[in-house]
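Undergrad: Using only what follows, build the 3D model:
(chains A and B)
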Amino acid sequence: MSKYTEDDLKKELEVQEYEYGFYTDIESDTFPAGLSEDIIKAISKKKDEPQWLTDWRLDAYRIWKEMEEPDWANVNYEKPDFNAISYYSAPKSVDPNKTLDDVDPELLKTFEKLGISLDEQKKLSGVAVDIIVDSVSVATTFKKTLGEKGIIFCSMSEAVKEHPELVRKYLGTVVPKTDNFYAALNSAVFTDGSFCYIPKGVRCPMELSTYFRINEGGTGQFERTLVIADESSYVSYLEGCTAPARDENQLHAAVVELISMDDAEIKYSTVQNWFPGSKEGKGGVFNFVTKRGICHNRAKISWTQVETGSAITWKYPSCILKGDDSVGEFYSIAVTNNYQQADTGTKMIHLGNNTKSTIISKGVSAGFSQNSYRGLVHISPRAKNARNFSQCDSLLMGDQCGAHTFPYIEVKNNTAKIEHEATTSKIGEEQLFYCNQRGINTEKAIALIVNGFSKDVLNKLPMEFAVEAQKLLEISLEGSVG
Amino acid sequence: MELKEKLVASFMAFENRGNVDLDSKVHQVRTEAFEFFEKNDFPTKRDENWKYTSLKSVLKHDYNVFPKKENTLEFKDVKKYFIHDLDSYKIVFIDGVYSSFLSETTHEGFDICLMSSALKMEKYSGVMEKYFNKIAPKETLTSLNTAFADEGAYIKIGNNTVVPRPIQVINFSTGAEKDIIIQPRNLVIVGENSQVQIIERHQSLTEDHKTFTNSVTEIFADKSSIVDYYKIQNDLETSSLIDGTYIEQQEKSVVNVSTFSFGGKLTRNNLVFHQQGSRTESNLNGISILDGKQHVDNQTLVKHNSPDCESNEMYKGIYAGKSKGVFGGKIIVDQIAQRINAFQKNNSILIGEKSEINAKPQLEIFADDVKCSHGCTIGQLDEDALFYLQSRGIPKKEAKALLLFAFGNDVLEKIKIPQLKSRIRKQIAKSLKVNLEFEW
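TA: Numbering: from 1, shown residues only, chains lettered A, B, ... in the order given. Predicted coordinates for the structure are as follows:
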């Protein structure tokens, strides 16, 4: 075998870089850039929304206008110009009575490129998918099968029309409009998203999945996801995202709300693979997302995320452990390469008695990237016997990158037991040597070690995702060997 | 009058007292610091570094900036605040004014004397220019101290010198007249291959009036020097202390700072290490045992600016009553600082039902060949261990104290002065309200 030189590696990198960076030429219906009350009214009208939702949006917009963009995160970027973004973009050929056959063939090709052929998916993997391109949901599969169980899984716009009582009751209860700058913006302009309701005592028979894609240039994506698991139900929910490679920065400001009623369990997994920007740090998606779940008595919410994409990641999937004996979990791998920046972590707010939370966060930084873990464990004065275990490990590759941890621990009850540990180190020379010695080249050895390092988190992913995530890790880190 | 306004007004008076050389560098530094203070407000909870500590209750009092008259104390009255069975040098201040009667200073071989003379006398001007206010950061409270820097301990050890006796620096406040603000300013310069041990204490003697101490210490440790610095904070519940200790270390130097917080209404420790030379070692130790409504905030920062260095940090806290503890430990590893070992540990036990702890261990790492870790635990005494001791006839209270003692022992073991160690042990026993009649 010829020697693998640095040039080979470079070439490979240029090709391998971001395989989802294509752009599909579908006719789309895009609003002019800019944000005003009129635009919001227009979005609302376009989507045929009831008056209460229009008012809700306008209210959020007014709140947002008063807010200042936060800058406490450990990231540097040029602030997006909110008037240069188009807040509504939809593939033109969306038909309200859509079936798979009606979907624009160009669009279907996009999905095939993404590796999700809807037909195949339908038959083989048994995963119900809701796909959102730019701002609008284009296809939801498996609806009928789910409907028999009473499970509602549809796009947000559909939910607004068909189940307004549920949407109205729960929308904004976990992430209020006033929560933060980006949540307020999202509340004002969100165009679509997924809605999921699992009735009492139902165990969702398959994984539910949403796929997000930003296609059009100059647009932002603002989707809103609402998952409600009624008493004693169970659902596993997957989310994946990609975007075309563009020179400009695109904004993705989503809100995800999870509600886990008494004895219910929600497992929410994300593989986030937005376009991370070029090698020089140009372009890429700004991913400013608010994700939060609330647990009632004996309920459980488990967040698992694999973060490999986006130029800037800024998100903290959180759990409010309101009910007694509720459980919150957070498993995360964040990989940054080149000029990516990630500031991510979780918040565990313990309010009920005997609440438990686990945080496992693994960060891998390479190239010129900065990777931060920021977390909060809060034990309120009334939360008796709360228990938390946190572990944040960082792996550094190359001397130009950084790894940071900012854990906040606030304990106001003397029955709490909190453990937190964090380590930062590089891949051991001995480990690499051991692999080399057994004929595994350095590149592969690193992938192997990183996979081992992330195993705790990868194990928590559903099967289909775990394979994809492992591959993603490898691709993201390619060429980071110094 | 607001404290700030009062301080601003006092500064003019302070500089006009006639003994200030207006052309001197020191005067310039003070004026700049004062301007900074004037422009910036006292920190509030909105500042990230003060998120968990509010100064409101401290700043609301009408403090006397300059004590009106000189107060004297009899040694027998204050003997207990000294580690009296220890042969040591002593620098003692009463209400911010030097007490030659209680002190024992020297110029033989090394300088253990006063900041006021170092600031004024011509022969020290070179040293002052090189070291004074060089590593104290531009922050409101430190600048305030710099602006009013006038008195404190000045310790300068030349090269290749081992100071044979520890140095005790004690600040008494008598509170004889009214509420008082004291701002000691210390400077410690340790030459190559030299060694020194320093014990620092702030003590108020009356509960009639409030004392607010805003102290700043700068320590420069030259190549291969060893500095041990012990801080005893066991003040009355009417006094508050803000202590800033800033340390610069050169190659192969070892600096150990131990902080023992057992009292005071509000204690805030800002402890900053700058590792400027390779192969330096910094050790930070601390025990806080609090009760009542006491509040202790330990903020530490270790800046690894050079390769091949090490830092070890261990802070333990026992919180009873409604006391509140804050721990902020930051470790920054610079890009050129490869092969760093940095360890940090923070353990807290919450005893009081209303007690509270806020911890924020933080790592910021820009170099890749490092081993950094931090661990943080918060919990209670082990019920099984307690039961074990009780089943062997040890009363519950003593059993608890024993376990708490063991909990803090890691830190105690680091004390190198035996007399100080036994004193701290007794103090811990007192804090835990037990009488442990056995030798350790």
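
Undergrad: name the helices or strands packed onto the longest helix seen in chain B?
TA: In chain B, taking DSSP state H as the definition, the longest helix is helix B:396-412. Packing partners of helix B:396-412 (3 or more C-beta pairs under 8 Å, 6 or more residues apart in numbering or on different chains; DSSP states H and E): strand B:281-290, strand B:310-319, strand B:340-350, helix B:383-391, helix B:418-431. Every residue, glycine included, has its C-beta placed from N, CA and C.

Undergrad: now for the ones you listed, which one comes closest to A:Tyr331?
TA: Ranking these by proximity to A:Tyr331 (C-beta to C-beta) places strand B:340-350 first, at 24.3 Å.

Undergrad: just how off-centre is that closest one within its chain?
TA: The chain centroid and the centroid of strand B:340-350 are separated by 19 Å, computed with C-alpha atoms, centre = their mean, to the nearest Å.

Undergrad: Residue 293: how many residues sit nearby?
TA: If you meant another chain, say so; for now it's chain A. 26 (other C-beta atoms under 10 Å in any protein chain shown).

Undergrad: could you do chain B instead?
TA: B:Lys293 is flanked by 14 other residues according to other C-beta under 10 Å.

Undergrad: what's the distance between it and B:Glu356?
TA: To B:Glu356, B:Lys293 is 11 Å away according to C-beta to C-beta, to the nearest Å.

Undergrad: who touches both of those two?
TA: In terms of C-beta atoms under 8 Å, 6 or more residues apart in numbering or on different chains, B:Lys293 and B:Glu356 are both contacted by the residues B:323-324.

Undergrad: ok, residue 369 - contacts?
TA: Let's take chain A. With contacts defined as C-beta under 8 Å, 6+ apart, A:Ser369 is in contact with A:336-342, A:401-402.

Undergrad: Oops, wrong one, chain B.
TA: Taking C-beta under 8 Å, 6+ apart as the test, what B:Asp369 contacts is A:399, A:426, B:338-340.

Undergrad: which residue does the stretch 51-200 of chain B bring closest to chain A?
TA: At 8.0 Å from chain A, B:Tyr52 is the closest residue in the stretch 51-200 of chain B, using C-beta to the nearest C-beta.

Undergrad: OK, contacts around the residue of the stretch 1-150 of chain B found nearest chain A?
TA: Residue of the stretch 1-150 of chain B nearest chain A, by C-beta to the nearest C-beta: B:Glu48 (7.6 Å). Applying C-beta under 8 Å, 6+ apart, we find B:Glu48 in contact with A:Trp72.

Undergrad: how about a cut-off of 10 Å?
TA: By C-beta atoms under 10 Å, 6 or more residues apart in numbering or on different chains, B:Glu48 lies in contact with A:72, A:406, B:328, B:360.

Undergrad: And for B:Leu86?
TA: Shown in contact with B:Leu86 (C-beta under 10 Å, 6+ apart): B:165-166, B:168, B:199, B:417-420, B:423.

Undergrad: helix, strand or coil for it?
TA: Here B:Leu86 is coil, with the state taken from DSSP: H, G, I helix; E, B strand; the rest coil.

Undergrad: pLDDT value on it, please?
TA: B:Leu86 carries a pLDDT value of 86.

Undergrad: quick one: it from A:Glu223, how far?
TA: Distance from B:Leu86 to A:Glu223, by C-beta to C-beta: 69 Å.

Undergrad: try A:Lys144
TA: For A:Lys144, the distance to A:Glu223 equals 24 Å [C-beta to C-beta].

Undergrad: of all the contacts of B:Glu48, which comes closest to A:Ala447?
TA: Distances from A:Ala447 to those, taken by C-beta to C-beta, are shortest for A:Phe406, at 28.4 Å.

Undergrad: Helix, strand, or coil at A:Lys301?
TA: To be clear, residue A:301 is Ile; Lys isn't right here. strand.

Undergrad: which of the contacts of B:Leu86 are buried?
TA: By neighbour count, with 16 or more other C-beta atoms under 10 Å in any protein chain shown, the contacts of B:Leu86 hold B:166, B:168, B:199, B:417, B:419-420, B:423 as buried.

Undergrad: Let's have the helices and strands packed on helix B:396-412 in a markdown table, adding mean pLDDT and distance to chain A.
TA: Shown next, in a markdown table, are these (pLDDT from 0 to 100; distance: least, C-beta to the nearest C-beta, whole Å):
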| stretch | mean pLDDT | distance to chain A |
| --- | --- | --- |
| strand B:281-290 | 93 | 13 |
| strand B:310-319 | 94 | 8 |
| strand B:340-350 | 93 | 4 |
| helix B:383-391 | 93 | 12 |
| helix B:418-431 | 86 | 17 |
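
Undergrad: ok, A:Lys143 touching A:Lys149?
TA: No: applying C-beta atoms under 10 Å, one finds A:Lys143 not in contact with A:Lys149, separated by 11.3 Å.

Undergrad: how about A:Ala264, what does it touch?
TA: A:198, A:200-202, A:228-235, A:258, A:295-301.

Undergrad: which of the residues you listed are buried?
TA: A:198, A:202, A:228-235, A:258, A:295-301.

Undergrad: and the contacts of B:Leu86 as TSV, adding distance to B:His107?
TA: Shown next, in TSV, are those (distance: C-beta to C-beta, whole Å):
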residue	distance to B:His107
B:Arg165	15
B:Pro166	18
B:Gln168	18
B:Ile199	21
B:Ile417	24
B:Pro418	28
B:Gln419	25
B:Leu420	25
B:Arg423	29
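
Undergrad: Among those, which one sits closest to B:Asp382?
TA: Taking C-beta to C-beta as the measure, B:Asp382 sits nearest to B:Arg423 out of the contacts of B:Leu86, at 28.2 Å.

Undergrad: In this structure that closest one contacts B:Gln168, no?
TA: No: applying C-beta under 10 Å, one finds B:Arg423 not in contact with B:Gln168, separated by 11.5 Å.

Undergrad: Between those two, which contacts overlap?
TA: Here B:Arg423 and B:Gln168 have B:82-84, B:86, B:199, B:232 as joint contacts, going by C-beta under 10 Å, 6+ apart.

Undergrad: which of those residues sit farthest apart?
TA: Farthest-apart pair in the shared contacts of B:Arg423 and B:Gln168 is B:His84 and B:Ile232; separation 13.7 Å (C-beta to C-beta).

Undergrad: shared neighbours, these two?
TA: Shared contacts of B:His84 and B:Ile232, defined by C-beta under 10 Å, 6+ apart, are found at B:168, B:423.

Undergrad: Centre of the chain to stretch A:357-374, how far?
TA: For stretch A:357-374, the distance to the chain centre is 15 Å (C-alpha atoms, centre = their mean).

Undergrad: What segments of the stretch 151-300 of chain B are strands?
TA: B:153-157, B:167-173, B:180-182, B:185-190, B:195-204, B:211-221, B:226-233, B:239-249, B:254-261, B:266-275, B:281-290, B:295-304 (DSSP state E, counting those that start in this stretch).

Undergrad: So which of those is nearest A:Asn287?
TA: Counting by C-beta to C-beta, A:Asn287 lies closest to strand B:295-304 out of these; the figure is 30.8 Å.

Undergrad: elements contacting the helix or strand harbouring A:Glu165?
TA: Assessed by DSSP states H and E, A:Glu165 sits inside helix A:164-170. Packing partners of helix A:164-170 (3 or more C-beta pairs under 10 Å, 6 or more residues apart in numbering or on different chains; DSSP states H and E): helix A:51-66, helix A:156-162, strand A:194-198, strand A:224-229, strand A:255-260.

Undergrad: could you say what helices and strands the second one packs with?
TA: Secondary-structure packing of helix A:156-162 (3+ C-beta pairs under 10 Å, 6+ apart): strand A:128-133, strand A:136-140, strand A:152-155, helix A:164-170, strand A:194-198, strand A:224-229.

Undergrad: Give me the contact list for the fourth one.
TA: Here helix A:164-170 makes contact (C-beta under 10 Å, 6+ apart) with A:49-50, A:52-53, A:56, A:152, A:156, A:159-161, A:163, A:171, A:195, A:197, A:224, A:226-228, A:257, A:259, A:294.

Undergrad: I'm done for today, thanks for sticking with me.
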